[in-house]
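**Student:** below: sequence and its predicted model.
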Amino acid sequence: MSIRSNDSTIKTLTISWALLLILTLTAIILSQLNIEPSLLVTLVLAVTVFKSQIVIDIFMGLKEVDYRWRRLMLSYIIFVPLILGCIYLTA
Amino acid sequence: MPVQPINITSQPDQSAYKELPGDLAIWFFIFAELTVFAIFFISFAWMDSRNPEMFDAGKATLHPIAGLINTLALITSSYVLAVAVQAAQKGDAIACRRGFWLSISIASIYVVSKMWEYDQLIEAGYDLSTNNFYMFYFFTTGFHFMHVLLGMVILAILAVCLNKPNYVNSELSTLESGASYWHMVDLLWLILFPLVYVIKIF
């Protein structure tokens, strides 16, 4: 049985949850601002990477885990949006 | 003068890390799922960038408020579950069980909202065969929807199991595995949401 010690406090989780809500609303507001499409894509994907990192580090609790697992997850949330960004920006 | 040993390795000390939450098998499953979804995301973006008029017109028929409600529901459900896992790690079975059921209840908001959205689109005459946008939209979000339903079933089974005495202590790894799967479902939606509802390039 794996026993994970209790470092991620309720307070950290709650702040992260509030941050995720704010970032989600930020993405929606950005889409309503009539900004240049390439800038919109860049900003929205940057917000997505930030939100995903919060889920991985805080909700999944990988921040305190072996760095190789965390790197694997972080590489996913960086490379996938990076590829998406390249597709949109080079279209 | 004594020579101090120099640490030439740049890798952090392994003993300083905690164990991976949940079973190792669930993480292989999570990475397999993430890979499959990555192919969907890239395919969606590729088709979107090659057919911007069609995709932007399709996105205009969606309901961004429903998309926002779905996102807030999944984020909140994930948060409640993370708090429940904290309770499990402290051995508090009652708080953990309540957290699991509350997480499922909040996730059901996503289910109702998504079904309402599908119903609205189908009533308006849009389906998988309408064009490439709707094919990708229904297929990708539908596949994710199935993962949400599966996740809710897993969480419900675990919540029922939490009625057993000492389950919270003896099966902590199982509870963490279920929670990790649910966070993955949340993570996938965080990438899917901007692709479908937010990014408009035409």
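**Tutor:** Looks like it arrived, so ask away. Here the structure is a predicted model, which is why all the values come from computation and not from measurement.

**Student:** count of neighbours near the residue in chain B that chain A sits nearest to?
**Tutor:** Chain A sits closest to B:S49 of chain B, with a gap of 3.4 Å, by CB to the nearest CB. Where you see a C-beta, it was placed from the backbone N, CA and C, and this is true even at glycine. Using other CB atoms under 10 Å in any protein chain shown, B:S49 has 19 neighbouring residues.

**Student:** check the one 5 residues further on too.
**Tutor:** For B:M54, the number of neighbouring residues by other CB under 10 Å comes to 16.

**Student:** could you do A:L82 as well?
**Tutor:** By the criterion of other CB under 10 Å, A:L82 has 13 neighbours.

**Student:** buried sites along stretch B:40-59?
**Tutor:** Residues of stretch B:40-59 classed as buried: B:40-41, B:44-49, B:51-52, B:54-56, B:58-59 (neighbour count, 16 or more other CB atoms under 10 Å in any protein chain shown).

**Student:** going along the chain, name the helices of chain A.
**Tutor:** Using DSSP state H, the helices found in chain A span residues A:10-31, A:37-54, A:67-89.

**Student:** equivalent analysis for chain B, please.
**Tutor:** With DSSP H as the criterion, chain B has helices spanning B:24-50, B:52-60, B:64-89, B:93-123, B:132-161, B:167-170, B:172-193.

**Student:** need these in a markdown table (columns: mean pLDDT).
**Tutor:** As requested, the helices of chain B are exported to a markdown table (pLDDT from 0 to 100):
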| stretch | mean pLDDT |
| --- | --- |
| helix B:24-50 | 96 |
| helix B:52-60 | 93 |
| helix B:64-89 | 95 |
| helix B:93-123 | 97 |
| helix B:132-161 | 97 |
| helix B:167-170 | 92 |
| helix B:172-193 | 97 |
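
**Student:** where does chain A get nearest to chain B, residue-wise?
**Tutor:** Here chain A gets closest to chain B at one residue, A:A91, 3.4 Å apart by CB to the nearest CB.

**Student:** so how many other residues sit close to that residue?
**Tutor:** The burial count for A:A91: 16, using other CB under 10 Å.

**Student:** just to revisit the earlier point, for the helices of chain A, which one ends up most surrounded?
**Tutor:** Stretch with highest mean neighbour count among those: helix A:37-54 (a mean of 19; mean count of other CB atoms under 10 Å in any protein chain shown).

**Student:** what packs against that helix?
**Tutor:** If you count contacts as 3 or more CB pairs under 8 Å, 6 or more residues apart in numbering or on different chains; DSSP states H and E, helix A:37-54 packs onto helix A:10-31, helix A:67-89, helix B:172-193.

**Student:** sounds good, over and out.
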